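A.B. asks: predicted model and sequence follow; I will ask about them next.
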Amino acid sequence: MDVHKQLKIVRKWIPLLVISVAVAGVLAFVVSSSQPKVYEAQATLIVGESLTGVNPDYNQLLVSQRLSATYASIAKTHQILAGVVGDLGLSVDPDALGTRVFVATSADTALMSITARDQDPATAAAIANTVAKRLIDASPAVRGQDTEIFKSVEQDLAAIRTDIASTQAQIQDLLDKTARTTTEESTLQNLQGRLVSLRSTYATLLTFTTNDAANLLTVVQPAIAPSNPISPRPVVDALLAAVVALVLVSALVFLYEFIDDALRDADAVTETLGLPTLGQIERMRGEKGRKGFYRLVAILYPRSPAAEAYRTLRTNLDFAALDKPIRSLLITSAVPGEGKTVTSANLAVVAAQGGRRVLLVDADLRRPGVHKMFNLANGSGFADLIRNPQIGLASLVQSTEQPNLSILTTGTPPPNPTEVVASQRTRALFELLAEEYDLVVVDSPPIQVFADAPILSSFMDGTLLVVESRRGRRTQLREAQAALVRAGATVLGVVLNRVAPDSNPTYAMYFDPAAAAPSSGRRGDVTVDQIATAAATPDGGTGRARRGRGGAPSNTEQG
């Protein structure tokens, strides 16, 4: 799939994409805005003395990192959380509180974070700090120490640090004197000895604490009440929903286009069959309800876009056969109901209007429709001529009031249509007709239903495939093309029928159902004489002069 085709698909589905993105974004914004606000606060702790130790020890750092996971597990125990609930007076169960507390450790550092969430920012910060405090209080038990002894050693160390500082100050005062007395010299010596003793005692006591430095738990950064909630975020949620909707809908659109087997435009026809699209006939408003004569737009609405499309098809056929003019042309389709009979009739009309002597032959011996289009009798015709060559051609060909246009209907249906079509008499007949007329247009059965069309195509100078836009399937068209190729047919191209009309408001004035309906009598009561009247009317036929009674068209839609 090339970029041009992808862009074409996007342009085609852009209204759906825009609507999907807008709806998803608005819904996400509304839903997100209605959700309660949630705040998040975080306290950071360090395991060990990695940041405060005078001489950091690498082994202690490794031990601290490993102990972080242990402390993280302890932080969410029922005992710790129950203590937090009691300290803060929360009205939640400890297990429920555990779903709002998150503990994370680092694989590279000895840092540990405690995160708490709550709808109140102050409560979130209080929960994080209280969990940290409770965990610190529980750390001596984790280290297996006697808390009272540890506190006593800490107090002694603090007192000795004070004595050391005081002694150093006194020694410095004595050293600053230029002339000291004998008593001052003796005092200086005593103070220096005392300082040595204090430092020795401090070092001894310090060993009781440094042995457990790796287990020490300290708050590095307490949690503070956040000012902005972490959720909901209506704008972010709306943008995210819009992006997700765009991706999903785009994926569905491209998937649909990938699996869609329908032929929608000329590019799809060329891609599938490698054949040119010689004509694109717009879907006429009210076409589905129109039968028989009322679908001859080339007569009733000669200035309409549909009639102009048939004239374009006539011109393209002339250019498609510059080396050898087309004297016989078969028009068929892959399946029934794609508009081959209507195309045959209107093409024959515009060819006759162009000054050619045209014969329209209805070779659909099972479901004939040409006589209904022109409101003609179908007593004898093509099938009778094949069975009995002695019948004069002139006695079977019916003229119309459209100059240069004659009709050969099917006649009496034979019991063996395929054998009749495949006979040498049929080939000889079409060779004769091609000599008698400038153009012989043949309407045939659908290819996938009967074998008649491929057989007839071998007798013709060219074959046209009629495909209904959005209904014709690629597989059906490939099979139809293959059948024609096997029969040795010259497939000139494709007529894409019932194409969605352009967004041109003036199109409706050319095909108004009220204008096509007879002004009196039951629907479809139109005689052949009135065709000439409609064709000769300056406005292309408004229906006012088409009165009278004649053979009523069939209620079935023509091929």
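C.D. replies: Now that the structure is in, tell me what you want to look at.
A.B. asks: ok, residues contacting the helix or strand encompassing Gly86?
C.D. replies: Gly86 belongs to helix 78-88 when assigned by DSSP states H and E. Helix 78-88 has contacts (CB atoms under 8 Å, 6 or more residues apart in numbering) with 74, 90, 92-95, 97-98, 101, 123, 126-127, 130-131, 134-135, 138. In this view, the C-beta of every residue, glycine as well, is placed from N, C-alpha and C.
A.B. asks: state whether Leu16 is indeed within a helix.
C.D. replies: Yes. Under DSSP: H, G, I helix; E, B strand; the rest coil, Leu16 falls within a helix.
A.B. asks: just checking, it touches Ser250?
C.D. replies: No. Under the criterion of CB atoms under 8 Å, Leu16 makes no contact with Ser250, lying 9.7 Å away.
A.B. asks: and these two? Which one has more around it.
C.D. replies: The neighbour comparison of Leu16 against Ser250 (other CB atoms under 10 Å) goes to Ser250, with 17 against 13.
A.B. asks: give me the pLDDT value at the residue lying closest to the more buried one once chain neighbours are set aside.
C.D. replies: Nearest residue to Ser250, sequence neighbours excluded (CB to CB, 6 or more residues apart in numbering): Leu17, at 6.6 Å. pLDDT, Leu17: 91.
A.B. asks: contacting residues for Leu17?
C.D. replies: 10, 246, 249-250, 253 are the contacts of Leu17 under CB under 8 Å, 6+ apart.
A.B. asks: tell me which residues in the helix holding Gly86 are buried?
C.D. replies: 80-81, 83-85 (16 or more other CB atoms under 10 Å).
A.B. asks: and the helix or strand following it, what's its mean pLDDT?
C.D. replies: Per DSSP H and E, the first helix or strand lying C-terminal to helix 78-88 is helix 94-98. For helix 94-98, mean pLDDT rounds to 91.
A.B. asks: now do helix 94-98: everything it contacts.
C.D. replies: Contacts for helix 94-98 (CB under 8 Å, 6+ apart): 76, 78, 81-82, 84-85, 90, 127.
A.B. asks: mind checking how far the spatially most distant residue from the centre of the chain is from Leu188?
C.D. replies: Distance to the chain centre peaks in the chain at Thr182, reaching 101.4 Å (criterion: CA atoms, centre = their mean). Separation of Thr182 from Leu188 (CB to CB, to the nearest Å): 11 Å.
A.B. asks: same question, Thr181
C.D. replies: 10 Å.
A.B. asks: which elements pack onto the strand or helix carrying Leu313?
C.D. replies: For Leu313, the host element (DSSP H and E) is helix 305-320. On a contact count with 3 or more CB pairs under 8 Å, 6 or more residues apart in numbering; DSSP states H and E, helix 305-320 meets strand 277-282, helix 297-300, helix 340-353, strand 462-468, strand 491-499.
A.B. asks: pull out the buried positions in the helix or strand just after that helix.
C.D. replies: For helix 305-320, the following helix or strand on the C-terminal side (DSSP H and E) is strand 328-333. Judged by neighbour count (16+ other CB under 10 Å), strand 328-333 contains these buried residues: 328-333.
A.B. asks: quick one: strands adjacent to strand 328-333?
C.D. replies: Partners of strand 328-333 in the sheet, by DSSP bridges, are strand 439-443 (parallel), strand 462-468 (parallel).
A.B. asks: who touches it?
C.D. replies: Applying CB under 8 Å, 6+ apart, the set of residues contacting strand 328-333 is 317, 339-340, 343-344, 347, 430, 433-434, 439-447, 453, 456-457, 459-468, 480, 489, 495, 559.
A.B. asks: quick one on the thing from earlier: for the contacts of helix 94-98, could you give me a markdown table that also reports distance to Thr44 and pLDDT?
C.D. replies: Below are these laid out as a markdown table (distance: CB to CB, whole Å; pLDDT from 0 to 100):
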| residue | distance to Thr44 | pLDDT |
| --- | --- | --- |
| Lys76 | 17 | 88 |
| His78 | 24 | 90 |
| Leu81 | 19 | 92 |
| Ala82 | 24 | 92 |
| Val84 | 17 | 92 |
| Val85 | 23 | 92 |
| Leu90 | 22 | 91 |
| Ile127 | 15 | 94 |
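A.B. asks: now those residues as a markdown table including distance to Leu393?
C.D. replies: Written out in a markdown table, the entries for the contacts of helix 94-98 read as follows (distance: CB to CB, whole Å):
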| residue | distance to Leu393 |
| --- | --- |
| Lys76 | 101 |
| His78 | 106 |
| Leu81 | 104 |
| Ala82 | 109 |
| Val84 | 107 |
| Val85 | 107 |
| Leu90 | 105 |
| Ile127 | 103 |
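A.B. asks: nearest to Asp156, of those?
C.D. replies: Distances from Asp156 to the contacts of helix 94-98, taken as CB to CB, are shortest for Val84 (32.8 Å).
A.B. asks: any low-confidence regions in the stretch 101-250 of the chain?
C.D. replies: Applying pLDDT under 70 to the stretch 101-250 of the chain picks out residues 140-151, 153, 205-215.
A.B. asks: which residues of it fall in strands?
C.D. replies: In order along the chain, the stretch 101-250 of the chain carries the following strands (DSSP state E, counting those that start in this stretch): 101-105, 111-118, 217-221.
A.B. asks: between the ones you listed, which gets nearest to Gly379?
C.D. replies: Closest among the strands of the stretch 101-250 of the chain, using CB to CB: strand 111-118, at 90.8 Å.
A.B. asks: spatially central residue for this protein, please.
C.D. replies: Ser250 (2.1 Å).
A.B. asks: tell me which helix or strand the closest residue to Asp120 other than its chain neighbours sits in.
C.D. replies: In this structure, Asp120 finds its nearest non-sequential neighbour in Tyr39, 6.9 Å apart by CB to CB, 6+ apart. Taking DSSP H and E as the definition, Tyr39 sits inside strand 39-47.
A.B. asks: how far off centre is that strand?
C.D. replies: 44 Å (CA atoms, centre = their mean, to the nearest Å).
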